[in-house]
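Novice: this is the structure alone, sequence omitted:
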(Lines give C-alpha, C1' and ligand atoms only; values in the text may rest on other atoms or scores of the structure.)
Protein backbone atom coordinates (compact mmCIF):
# COMPACT_ATOMS: atom_id res chain seq x y z
CA UNK A 1 0.00 0.00 0.00
CA UNK A 2 2.76 2.41 0.94
CA UNK A 3 4.54 1.69 -2.33
CA UNK A 4 1.43 2.75 -4.22
CA UNK A 5 1.18 5.92 -2.16
CA UNK A 6 4.79 6.91 -2.89
CA UNK A 7 4.47 5.99 -6.56
CA UNK A 8 1.30 8.10 -6.77
CA UNK A 9 2.98 11.12 -5.18
CA UNK A 10 5.97 10.83 -7.52
CA UNK A 11 3.65 10.44 -10.49
CA UNK A 12 1.63 13.52 -9.52
CA UNK A 13 4.84 15.53 -9.04
CA UNK A 14 6.06 14.56 -12.51
CA UNK A 15 2.70 15.36 -14.12
CA UNK A 16 2.46 18.75 -12.38
CA UNK A 17 6.09 19.51 -13.26
CA UNK A 18 5.35 18.67 -16.89
CA UNK A 19 2.23 20.84 -16.99
CA UNK A 20 3.91 23.81 -15.31
CA UNK A 21 7.25 23.38 -17.09
CA UNK A 22 9.21 22.99 -13.85
CA UNK A 23 11.05 19.70 -14.38
CA UNK A 24 14.28 21.41 -13.35
CA UNK A 25 12.83 22.40 -9.97
CA UNK A 26 11.63 18.86 -9.31
CA UNK A 27 15.04 17.44 -10.24
CA UNK A 28 16.88 19.96 -8.04
CA UNK A 29 14.53 19.25 -5.11
CA UNK A 30 15.08 15.51 -5.48
CA UNK A 31 18.87 15.88 -5.51
CA UNK A 32 18.90 18.36 -2.59
CA UNK A 33 16.53 16.20 -0.54
CA UNK A 34 18.64 13.10 -1.19
CA UNK A 35 21.76 14.94 0.01
CA UNK A 36 19.94 16.18 3.13
CA UNK A 37 18.63 12.67 3.86
CA UNK A 38 22.13 11.17 3.73
CA UNK A 39 23.53 13.92 6.00
CA UNK A 40 20.70 13.35 8.48
CA UNK A 41 21.30 9.60 8.45
CA UNK A 42 24.99 10.12 9.21
CA UNK A 43 24.12 12.45 12.10
CA UNK A 44 21.54 10.03 13.48
CA UNK A 45 23.98 7.13 13.12
CA UNK A 46 26.46 8.93 15.35
CA UNK A 47 23.85 9.80 17.97
CA UNK A 48 22.36 6.32 17.87
CA UNK A 49 25.78 4.68 18.17
CA UNK A 50 26.67 6.80 21.20
CA UNK A 51 23.44 6.04 23.06
CA UNK A 52 23.41 2.36 22.10
CA UNK A 53 26.94 2.14 23.47
CA UNK A 54 25.85 3.82 26.70
CA UNK A 55 22.91 1.41 26.97
CA UNK A 56 25.28 -1.53 26.49
CA UNK A 57 27.61 -0.16 29.21
CA UNK A 58 24.60 0.35 31.50
CA UNK A 59 23.47 -3.21 30.85
CA UNK A 60 26.91 -4.76 31.40
CA UNK A 61 27.53 -2.70 34.56
CA UNK A 62 24.28 -3.86 36.13
CA UNK A 63 22.68 -0.42 36.00
CA UNK A 64 19.73 -1.70 33.96
CA UNK A 65 19.13 -4.50 36.49
CA UNK A 66 19.38 -2.04 39.40
CA UNK A 67 16.94 0.35 37.74
CA UNK A 68 14.63 -2.58 36.98
CA UNK A 69 14.59 -3.50 40.68
CA UNK A 70 13.80 0.12 41.59
CA UNK A 71 10.95 0.09 39.07
CA UNK A 72 9.52 -3.20 40.36
CA UNK A 73 6.82 -1.71 42.64
CA UNK A 74 5.51 0.56 39.88
CA UNK A 75 5.62 -2.26 37.35
CA UNK A 76 3.72 -4.61 39.68
CA UNK A 77 1.03 -1.92 40.02
CA UNK A 78 0.85 -1.38 36.27
CA UNK A 79 0.95 -5.09 35.41
CA UNK A 80 -0.83 -6.85 38.30
CA UNK A 81 -1.76 -9.97 36.33
CA UNK A 82 1.89 -10.85 35.53
CA UNK A 83 3.57 -13.32 37.89
CA UNK A 84 6.45 -11.71 39.82
CA UNK A 85 8.89 -14.21 38.35
CA UNK A 86 8.01 -13.37 34.74
CA UNK A 87 10.88 -12.41 32.42
CA UNK A 88 8.48 -9.87 30.94
CA UNK A 89 9.25 -7.49 33.83
CA UNK A 90 12.93 -7.31 32.82
CA UNK A 91 12.06 -6.64 29.19
CA UNK A 92 9.38 -4.09 30.11
CA UNK A 93 11.77 -2.18 32.35
CA UNK A 94 14.52 -2.24 29.70
CA UNK A 95 12.02 -0.93 27.15
CA UNK A 96 10.87 1.86 29.47
CA UNK A 97 14.46 2.86 30.35
CA UNK A 98 15.40 3.05 26.66
CA UNK A 99 12.29 5.10 25.90
CA UNK A 100 12.98 7.45 28.81
CA UNK A 101 16.42 8.09 27.32
CA UNK A 102 14.80 8.80 23.95
CA UNK A 103 16.12 5.63 22.35
CA UNK A 104 13.07 4.23 20.62
CA UNK A 105 15.25 2.11 18.33
CA UNK A 106 16.89 0.50 21.40
CA UNK A 107 13.52 0.02 23.10
CA UNK A 108 11.99 -1.99 20.26
CA UNK A 109 13.80 -5.34 20.77
CA UNK A 110 13.03 -5.32 24.51
CA UNK A 111 9.42 -4.41 23.75
CA UNK A 112 9.06 -7.32 21.35
CA UNK A 113 10.56 -9.71 23.90
CA UNK A 114 8.20 -8.36 26.60
CA UNK A 115 5.20 -9.02 24.36
CA UNK A 116 6.47 -12.54 23.58
CA UNK A 117 6.77 -13.31 27.30
CA UNK A 118 3.30 -11.90 28.01
CA UNK A 119 1.86 -13.89 25.11
CA UNK A 120 3.25 -17.10 26.66
CA UNK A 121 1.11 -16.37 29.75
CA UNK A 122 -1.96 -15.40 27.72
CA UNK A 123 -4.74 -18.02 27.96
CA UNK A 124 -6.56 -16.60 24.90
CA UNK A 125 -3.90 -16.28 22.21
CA UNK A 126 -6.21 -14.26 19.93
CA UNK A 127 -6.98 -11.51 22.47
CA UNK A 128 -4.50 -9.18 24.16
CA UNK A 129 -4.36 -9.29 27.94
CA UNK A 130 -4.74 -6.22 30.15
CA UNK A 131 -0.97 -6.23 30.70
CA UNK A 132 -0.32 -6.32 26.97
CA UNK A 133 -2.67 -3.38 26.44
CA UNK A 134 -1.09 -1.43 29.31
CA UNK A 135 2.38 -2.06 27.91
CA UNK A 136 1.35 -0.87 24.45
CA UNK A 137 -0.25 2.25 25.92
CA UNK A 138 2.83 3.10 27.98
CA UNK A 139 5.12 2.34 25.06
CA UNK A 140 3.16 4.53 22.65
CA UNK A 141 2.90 7.45 25.07
CA UNK A 142 6.67 7.13 25.57
CA UNK A 143 7.87 9.15 28.55
CA UNK A 144 11.20 10.69 27.50
CA UNK A 145 13.69 12.67 29.54
CA UNK A 146 15.97 13.21 26.58
CA UNK A 147 14.35 13.48 23.16
CA UNK A 148 17.49 12.46 21.24
CA UNK A 149 15.88 12.28 17.82
CA UNK A 150 14.60 15.83 18.00
CA UNK A 151 17.89 17.15 19.40
CA UNK A 152 19.75 15.42 16.56
CA UNK A 153 17.37 16.80 13.92
CA UNK A 154 17.70 20.31 15.34
CA UNK A 155 21.49 19.94 15.44
CA UNK A 156 21.52 18.75 11.83
CA UNK A 157 19.54 21.79 10.71
CA UNK A 158 21.75 24.27 12.59
CA UNK A 159 19.44 25.20 15.44
CA UNK A 160 20.97 27.86 17.68
CA UNK A 161 20.04 25.80 20.77
CA UNK A 162 19.13 22.23 19.81
CA UNK A 163 18.56 21.09 23.40
CA UNK A 164 16.03 23.80 24.33
CA UNK A 165 13.24 21.34 23.59
CA UNK A 166 14.24 18.94 26.36
CA UNK A 167 12.14 20.67 29.06
CA UNK A 168 8.97 20.93 26.98
CA UNK A 169 9.59 17.37 25.75
CA UNK A 170 9.74 16.03 29.31
CA UNK A 171 6.56 17.88 30.23
CA UNK A 172 4.66 16.76 27.13
CA UNK A 173 5.67 13.10 27.43
CA UNK A 174 5.04 13.10 31.20
CA UNK A 175 1.51 14.39 30.64
CA UNK A 176 0.86 11.96 27.77
CA UNK A 177 2.13 8.99 29.79
CA UNK A 178 0.14 9.97 32.90
CA UNK A 179 -3.01 10.38 30.80
CA UNK A 180 -2.39 7.05 29.06
CA UNK A 181 -1.89 5.16 32.34
CA UNK A 182 -4.96 6.83 33.91
CA UNK A 183 -7.05 5.88 30.88
CA UNK A 184 -5.79 2.28 30.95
CA UNK A 185 -6.49 1.92 34.68
CA UNK A 186 -10.02 3.31 34.24
CA UNK A 187 -10.57 0.92 31.34
CA UNK A 188 -9.36 -2.01 33.50
CA UNK A 189 -11.92 -1.12 36.19
CA UNK A 190 -14.68 -1.17 33.59
CA UNK A 191 -13.95 -4.79 32.68
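Specialist: That came in fine, so what should we check first? These numbers come from a predicted model, not from an experiment. Numbering: from 1, shown residues only.
Novice: now the residue nearest to residue 103 when sequence neighbours are not counted: which helix or strand?
Specialist: Setting aside the residues directly before and after it, residue 103 is nearest to residue 51 in space (C-beta to C-beta, 6 or more residues apart in numbering), at 5.1 Å. Heads up, the C-betas are built off the backbone N, CA and C, glycines and all. Here residue 51 sits within helix 23-61, counting by DSSP states H and E.
Novice: starting at the chain centroid, how far to that helix?
Specialist: How far helix 23-61 lies from its chain's middle: 16 Å, per C-alpha atoms, centre = their mean, to the nearest Å.
Novice: try stretch 111-122
Specialist: 18 Å.
Novice: identify all contacting residues around that stretch.
Specialist: Applying C-beta atoms under 8 Å, 6 or more residues apart in numbering, the contact partners of stretch 111-122 are 82-83, 86-88, 91-92, 95, 125, 128-129, 131-132, 135, 139.
Novice: please redo it, this time with the cut-off set to 6 Å
Specialist: For stretch 111-122, contacts defined as C-beta atoms under 6 Å, 6 or more residues apart in numbering pick out 87-88, 91-92, 95, 129, 131-132, 139.
Novice: could you list the buried residues of the worst-scoring helix or strand of the chain on mean pLDDT?
Specialist: For the chain, counting by mean pLDDT, DSSP states H and E, helix 148-156 ranks last in confidence among helices and strands (a mean of 76). Residues of helix 148-156 classed as buried: 148-154, 156 (neighbour count, 16 or more other C-beta atoms under 10 Å).
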